[in-house]
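Peer 1: sequence unknown, structure follows:
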């Protein structure tokens, strides 16, 4: 059967409120546009997750909610995990390795640089940077999340808003 892991970096966040805690930053106008659009792309690709895990940071939470609305995933079923916020590759890999094997397709919504580093670590691909609201789909010929480690993934998809909707830099 294998496992599919989809990493989604949060949509573009708002930096306009000076002194605001990083954790509490909202999405900016483009983020509010891109997150539902990219959720629509997931739907077009036929991706139906068994589980969505997200950082509880405001920008990640909002991104996850927009994605859920597009793919008809219940908002109440999002698993918010503190460890994803500002996580290292080691921490993110621990989150992945601890997933229940009953789930075959899992989406994790979170942050850079950890997501880019994790994707590169798992695939040995040169990704460079997952832009805001970028989606990386990884496939594994493994039946247990606990077995996932360096170079065990195949990069199946790497998409981001600018590919489809133009505008803005690839941040």
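Peer 2: It's in. Just so you know, these numbers come straight off a predicted model, no measurement behind them.
Peer 1: avg pLDDT for the strand or helix carrying residue 69?
Peer 2: For residue 69, the host element (DSSP states H and E) is helix 58-71. Average pLDDT, helix 58-71: 98.
Peer 1: What is that helix packed up against?
Peer 2: Judged by 3 or more CB pairs under 8 Å, 6 or more residues apart in numbering; DSSP states H and E, the packing partners of helix 58-71 are strand 3-9, helix 29-44, strand 51-54, strand 105-110. Quick note: C-beta positions are derived from backbone N, CA and C, even for glycine.
Peer 1: hmm, who's touching that helix?
Peer 2: 8, 10-11, 13, 23-27, 31-32, 35-36, 38-40, 42-43, 47-49, 52, 54-55, 73-75, 78, 80, 84-85, 107, 109-111, 133 (CB atoms under 8 Å, 6 or more residues apart in numbering).
Peer 1: let's see 6 Å
Peer 2: For helix 58-71, contacts defined as CB atoms under 6 Å, 6 or more residues apart in numbering pick out 10-11, 13, 24-27, 35-36, 39-40, 42-43, 54, 75, 78, 109-110.
Peer 1: Give the ChimeraX command for selecting the buried subset of the residues you listed.
Peer 2: The following ChimeraX line selects those of the contacts of helix 58-71 that are buried, judged by 16 or more other CB atoms under 10 Å:
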select :10,11,13,25,27,35,36,39,40,42,54,78,109,110
